[in-house]
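Novice: fold the stuff below for me.
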Amino acid sequence: MDNASAKALYAGPMPRYDFRCRACGDTFELSRPMRESAEPATCPQGHDDTVKLLSTVAVTGRGAATPAPGAGGGCCGGACGC
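Specialist: Next up, the predicted model:
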């Protein structure tokens, strides 16, 4: 299967990976499939000496600060009564 066919099979959003160029110091991000996460990246300035950065994900929402009554909890979701 060629690359275009593989991309056509996966229509969802791809993860983004942050990189830093060691030559010019530029930080940039690329969207690519997880199977390509370890592949080398070229910076926008054309340099090949880049390193993938450890990224953190911030998840925000308007959920309740405490679980709803009867929502379970504990180590196994409340099934064991702990």
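Novice: please count neighbours and contacts with C-alpha atoms only from this point.
Specialist: Will do.
Novice: Gly61 and Ser55: what is the separation?
Specialist: Applying C-alpha to C-alpha, to the nearest Å, the value for Gly61 to Ser55 is 20 Å.
Novice: which one's more surrounded, those two?
Specialist: Ser55 (10 against 5; other C-alpha atoms under 10 Å).
Novice: make sure that one is indeed in a strand.
Specialist: No. Using DSSP: H, G, I helix; E, B strand; the rest coil, the secondary structure at Ser55 is coil, not a strand.
Novice: excluding its backbone neighbours, what's nearest it?
Specialist: Asp18 (6.8 Å; C-alpha to C-alpha, 6 or more residues apart in numbering).
Novice: so which bits of the helix or strand harbouring the one you found are buried?
Specialist: Assigned by DSSP states H and E, Asp18 falls within strand 16-21. Neighbour-count burial for strand 16-21, counted by 16 or more other C-alpha atoms under 10 Å, picks out 17, 19-21.
Novice: can you list the residues you listed in TSV and add pLDDT and distance to His47?
Specialist: Converted to TSV, those look like this (pLDDT from 0 to 100; distance: C-alpha to C-alpha, whole Å):
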residue	pLDDT	distance to His47
Tyr17	93	17
Phe19	96	12
Arg20	97	10
Cys21	97	7
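Novice: which of these sits closest to Ser31?
Specialist: Tyr17 (6.3 Å; C-alpha to C-alpha).
Novice: tell me where the protein has helices.
Specialist: Per DSSP state H, the chain carries helices over the ranges 3-9.
Novice: for it, what are the low-confidence residue spans?
Specialist: The model of the chain has pLDDT under 70 over residues 1-11, 57-58, 62-82.
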